[in-house]
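In: What follows is a predicted protein model with its sequence.
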Amino acid sequence: TSLGISKALFPIILDLVVSGINKGSNCGYHIVYSGTVAGAREAFFNDIPSISISYDWVEGKSNPHDFALAAGVCIPIISALLVEIKNQSYPGRCFLNIDVPNNVANHK
């Protein structure tokens, strides 16, 4: 994240940093050591709106297709945030941590 927001790779101001989707929950104490959350937090420290996204993978129950479903769940959230950022109504100095539940196809 640090390299991406340093303008060394992209000579533009970023609207939003999306970190993830990672395999595993980032709830509770997991948020402290999560690399996915750290990516969003680094953007936050540099005044760039950000989101960390995790999928609560359960061995034996989850499958790789669930990541596509998890992304589909997050797209409307990301789209809404981009509208708020464009309209300058997104609260400054915050980042969002999204944890998509396992068996995402059955959660509405």
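Out: Structure's in. What do you need?

In: What does the pLDDT read for Ala8?
Out: What the model reports as pLDDT for Ala8 is 81.

In: can you count the residues close to it?
Out: Counted with other CB atoms under 10 Å, residues neighbouring Ala8 total 9. For every residue, glycine as well, the C-beta is placed using N, CA and C.

In: Quick check: it vs Ser2, distance?
Out: Counting by CB to CB, to the nearest Å, the gap from Ala8 to Ser2 is 9 Å.

In: now for the helix or strand of the chain with the lowest mean pLDDT, which elements pack on it?
Out: Least confident element among the helices and strands of the chain, by mean pLDDT, DSSP states H and E: helix 2-5 (a mean of 79). Identification of packing neighbours for helix 2-5 by 3 or more CB pairs under 8 Å, 6 or more residues apart in numbering; DSSP states H and E yields helix 35-45.

In: Quick one: the helices in this protein, in order.
Out: Shown for the chain, the helices assigned by DSSP state H span residues 2-5, 30-33, 35-45, 65-86.
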